[in-house]
Structures are given as structure tokens and as C-alpha cells.
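*Asks:* Here's my sequence, what's the structure:
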Amino acid sequence: MKKIQVITDGMAGMVDAAAIAALDAEARKGLELLTSGEGAGADFLGWVKLPEETDDALLDDINATAARLRETCEVVVAVGIGGSYLGAKAVIEALSDSFAPYRAGTGTRVLFAGQNIGEDYMAELQDYLRDKKFGIIVISKSGTTTEPAIAFRLLKEQLESQLGREEAGRRIVAVTDAQRGALRSLATTEGYKTYVIADNVGGRFSVLTPVGLLPIAVAGYDIRALVEGARNMQKATLDGSDTSSLVYAQTRNALYRAGKKIEILVNYNPKLHFMGEWWKQLYGESEGKDGKGIFPAAVDNTTDLHSMGQWIQDGERIIFETVLSVETPSRELRIPFDEANLDGLNFIAGKRIDQVNKMAELGTRLAHIDGGVPNIRVVIPALNEDTLGSLIYFFEAACGISGYILGVNPFNQPGVEAYKRNMFALLEKPGYEKETAAIKAKLGE
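*Replies:* Numbering: from 1, shown residues only. Below is the predicted model of the structure:
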């Protein structure tokens, strides 16, 4: 089977092979810290060997729960935020028919809630669900994270009012802490089916746990193949036979040291939009700390060439691009010949749409490189469960290595608490009286 490739020949004269190779020892040290557990954040390295440690019994159980939900539900709402929804959303979107976000005939539609505090969004979701048979997967370690807690409270009340408390309980699955927290207590009281969020796997690394696997299975996709793809990449990365994660980590840090502060993840396949969203959290939350870090952004091309293309081509030269290139699409569609040829497209009649897309990708990369924008290219053989599992592990491993090269703890996120303190103070949450008084004084109230 073809592997993911990392191609680094588009450096726009900013860094050469020697500059990338100079980081080889640091990258290998980063990989050693991941495997030995001796680096910063070692308590959150459960993801490193997770694929090989995921046993068949767990996958069987997840598939059985997914089958039960599919039998009783037209729609399942996955409630979570950040890593508790982005990984599942990325995989489902990448594998789905663009107009049916599940595998038709074998899957149930999976919707998402708790990833925002949009009143209109929640009201519209509840309207949509009123005449639907639906279930809930609620994903939260504590059960008290504001966004998913609000969504779950609303959806739980709606489901119980439609079905009664006992039947509603059979359609709710909780993915939460093994022993502690509000959601664990509720699940125990109500008898919900539960899965555990391991203490040593951070949210942004959790897509290959029940956090991501259950919604993906409900949507009808092969979680065994997903885990197997990750397992193969784990083995090859840790035994040194695949150095793609090392090369990616080295190259992006060489560019950062050369003054490239922003990395733009570019895709030429709309199915990969949410892979970009997942990647942004993975790298932003892992590296943006201690006054350091490459800023992660993402664009969808060719769409964004008509909006962001000008800035990327001619703007300030503080960026580099990582291009996700899908080698083989799943479908084949050719451009027809038209006798009138009013649009002038007969010169590409008979060509596959993917041929045109590939030339757009190549032409753009050449233009951006000529314009001083370095390009890394990550080539994915196809969009299927196996390759997506490999891609997920590739990015996770590279993220850990890159964070250690950068000199930060890639596995904590102290900065995300600041907004919560302010929000709770403004809402006058009990226990935040001093913070409330201080923020009101700051606002002149």
C-alpha cells in the first residue's frame, strides 16, 4: 500500500536541505522523548502507542453500540467541543458523500452540538429534531464545560420529553472520565452506556479513542481500518522505517527559525475542510505558548484563491504553506464537449475534473514558490479509513516532535483558562465573587 509522502523541494530559497538536516538530531531527540516518556507533558502520552493498544474487544463494543443507535435513531447528535468533536467531524466529512454526511445505507446521520454557544444554532437544531428519532453521544471529561453542558441540558430535556426518561436513557451514550465528574455521576445514576476518556490522552489527541471512534462508527465507517492505518503509521514511525513525521517537524521548524511565523494548511479537496480545523487545534493548542509557536491557518483551494490568494501571493513574507494533496479521488467525472463552446472550455473537454484540479494545484504552488512562499507537500494516496488513520497519527507524532524542537510542553494548554475565568466572572458564577468585582471595576461598572 502507498504511504503518505512529505515532499520538501519547494522551499523558495528560504531554507536549504542542510538547514533542515541540521535539525535532525533535535527531531530524533523529540521522538525519543515521546517514546521514553521523559519529556515535558509525559502524563499525556497515552496517544503515542494507542493504536497498537486498542484491542478488538473495545472496537467490537463500540461497533455494537453504534449499531444499536443506528437501529433506533435517524439522527445522532454528538455533543462536544474542541478535540471532543473536531476529529470525528474531520473523518466523517472526509469520507462522506458531500450531500449525505454518513455512509448511505449503513450509517446514521451524525450532527454536532456543544461546539458553540449559538442560540439560533441550538434553537434550529431542536426544531429539526422535533419530528426525528434521535440519540445523543455526550463527550466531556468533566461534564461541566460550558458549551457542551448547555447543549446537553437542552437536548437531554428534549429527548426525555419526547420519549420519557427511561427510553431516552437508552439513546444516550456518555464518553467521560472513568470515575470522577458531573457527567460520570449522571451516567451512573441514569444508567447510560459509557466509554472512558483516558487520563493520559489529551482532547486534541483523542480522535482514535471512543471520543472519535463512536461517532465515526455511527456514521457507518470502518473504525477497524481507521485504527489499523494509525497502527501501521505508529509502528513505522517508532521503529524508524517511516521518517515523514520527523521530516515535517524539522522542515516547519527550520522555516520558523528563518522567520516564517504562519503555516497555512492548504487542501484542494473540499472533503478535507474539517481536517484543517482539526489540525489547527492540534498545532495551535500544542505549540502556541511561552511567547512561541507557528500560527496555524487553513484555506480551501481553489475556492480561497479567489479570496485569500492575493494576500498569499503578494502579502508579507511571513508565511509558508503545507499542501495536502490527494493522489486519487474516489469518483471519475469528465468535462463534456460543447458545440457552441461559449465558455471557451473545449480545450479541456474530455479531461477528468481531477486533472484540472491537479494543474491548478501545481500552478498555484509554482506561483507561490516564485513569490517567496515556501511549500511543503503532504501527499495522501486516497481518502479512505486506512489513509486517514495514517494521516492522523502522522500529524500527531509530528506535532509532539515539533513541540519539543520548539522547546515547549506540547501537551498542556494553560492559556485557554483565561477567557473562562472572565466569562464566569461576568456571569457571576458562585465562587467567582472577587473576579466579578475586579472585572466590573475594570469595566467601570
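*Asks:* so what does the longest helix belonging to the chain touch, helix or strand wise?
*Replies:* What stands out as the longest helix in the chain, according to DSSP state H, is helix 385-406. If contacts are counted by 3 or more Cβ pairs under 8 Å, 6 or more residues apart in numbering; DSSP states H and E, helix 385-406 sits against helix 24-36, helix 86-95, helix 223-239, helix 244-257, helix 273-287, strand 375-380. For glycine as for every other residue, the C-beta is placed from the backbone atoms N, C-alpha and C.
*Asks:* mind listing what residue 184 touches?
*Replies:* Counting by Cβ atoms under 8 Å, 6 or more residues apart in numbering, residue 184 touches 143, 174, 176-178, 194.
*Asks:* From residue 246, how far off is the closest residue to residue 35 other than its chain neighbours?
*Replies:* Excluding its sequence neighbours, the residue lying closest to residue 35 (Cβ to Cβ, 6 or more residues apart in numbering) is residue 238, at 6.0 Å. Applying Cβ to Cβ, to the nearest Å, the value for residue 238 to residue 246 is 11 Å.
*Asks:* what do you get for residue 57?
*Replies:* 33 Å.
*Asks:* Neighbour count: those two, which is higher?
*Replies:* Comparing residue 57 with residue 246 by other Cβ atoms under 10 Å, the one with more neighbours is residue 246, at 24 against 8.
*Asks:* Give the intersection of the neighbour lists for residue 238 and residue 246.
*Replies:* Applying Cβ under 8 Å, 6+ apart, one finds that residue 238 and residue 246 are jointly contacted by residue 31.
*Asks:* What is the least confident helix or strand in this protein?
*Replies:* In the chain, no helix or strand scores lower on mean pLDDT, DSSP states H and E than helix 417-426, which sits at a mean of 78.
*Asks:* How about residues contacting the next helix or strand after that helix?
*Replies:* Counting by DSSP states H and E, the next helix or strand C-terminal to helix 417-426 is helix 433-442. The contact list for helix 433-442 (Cβ under 8 Å, 6+ apart) reads 421-422, 424-426, 428.
*Asks:* Need the buried ones from those selected in ChimeraX.
*Replies:* The ChimeraX command for the buried members of the contacts of helix 433-442 (criterion: 16 or more other Cβ atoms under 10 Å) is given here:
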select :422,424,425
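*Asks:* What is the nearest of the contacts of helix 433-442 to residue 216?
*Replies:* Ranked by distance to residue 216 (Cβ to Cβ), these are led by residue 424 at 33.1 Å.
*Asks:* My read is that that closest one contacts residue 432, right?
*Replies:* Yes. Assessed by Cβ atoms under 8 Å, residue 424 is found in contact with residue 432 at 4.9 Å.
*Asks:* In strands only, show me the contacts of residue 184.
*Replies:* Within the contacts of residue 184, membership in strands is found for 174, 176, 194, as judged by DSSP state E.
*Asks:* What does the pLDDT read for the second one?
*Replies:* This points to residue 176. As summarised for this prediction, residue 176 has a pLDDT of 97.
*Asks:* Is the closest residue to it other than its chain neighbours within a helix or a strand, and which one?
*Replies:* Distance criterion Cβ to Cβ, 6+ apart; nearest residue to residue 176, sequence neighbours excluded, is residue 183 at 4.2 Å. Applying DSSP H and E as the criterion places residue 183 in helix 182-190.
*Asks:* buried residues in that helix?
*Replies:* For helix 182-190, the neighbour count (16+ other Cβ under 10 Å) marks 183-184, 186-187, 190 as buried.
*Asks:* swap in stretch 92-99?
*Replies:* In stretch 92-99, counting by 16+ other Cβ under 10 Å, buried: 92-96.
*Asks:* Out of these, the closest to residue 253 would be?
*Replies:* Nearest member of those to residue 253, counting by Cβ to Cβ, is residue 94, at 27.1 Å.
*Asks:* Now for that closest one: which residues touch it?
*Replies:* By Cβ under 8 Å, 6+ apart, the neighbours of residue 94 are 271-272, 274-275, 383, 388.
*Asks:* By neighbours, which of the residues you listed wins?
*Replies:* residue 275 (27 neighbours).
*Asks:* gap between it and residue 321?
*Replies:* The gap separating residue 275 from residue 321 is 15 Å, by Cβ to Cβ.
*Asks:* and if you look at residue 334?
*Replies:* Taking Cβ to Cβ, one finds residue 334 at 29 Å from residue 321.
*Asks:* Compare these two and say which is more crowded by neighbours.
*Replies:* Taking other Cβ under 10 Å, residue 334 and residue 321 do not tie; residue 321 has more neighbours (25 against 13).
*Asks:* so that one bridges to which residues?
*Replies:* Note on residue 321: beta-bridge partners by DSSP bridges are residue 264, residue 375.
*Asks:* can I assume it is in contact with residue 262?
*Replies:* No. Look at residue 321 against residue 262 with Cβ under 8 Å: they stay out of range, at 9.6 Å.
*Asks:* OK, contacts around residue 136?
*Replies:* Contact analysis of residue 136 by Cβ under 8 Å, 6+ apart lists 76-77, 79, 152, 155-156, 159, 171-173.
*Asks:* can I assume it sits in a helix?
*Replies:* No. With DSSP: H, G, I helix; E, B strand; the rest coil as the criterion, residue 136 is assigned strand and is not in a helix.
*Asks:* Next up, phi/psi of the closest residue in space to it that isn't next to it in sequence, please.
*Replies:* Nearest-residue entry for residue 136: residue 172, 4.8 Å, with adjacent residues in sequence omitted and distances by Cβ to Cβ, 6+ apart. For residue 172, the backbone dihedrals (degrees, to the nearest 10) come out as phi -110, psi 130.
*Asks:* wait, what's in contact with the residue nearest the centre of the chain?
*Replies:* Among the residues of the chain, the one closest to the centroid is residue 278, at 2.1 Å (Cα atoms, centre = their mean). Contacts here follow Cβ under 8 Å, 6+ apart; on that basis residue 278 touches 86-87, 89-90, 207.
*Asks:* 6 Å - rerun?
*Replies:* Residues near residue 278 by Cβ atoms under 6 Å, 6 or more residues apart in numbering: 86-87, 90.
*Asks:* Quick check: it vs residue 111, distance?
*Replies:* Distance from residue 278 to residue 111, by Cβ to Cβ: 17 Å.
*Asks:* Also residue 96?
*Replies:* Residue 96 is 13 Å from residue 111, where distance means Cβ to Cβ.
*Asks:* ditto for residue 57
*Replies:* 29 Å.
*Asks:* do the same with residue 296
*Replies:* 26 Å.
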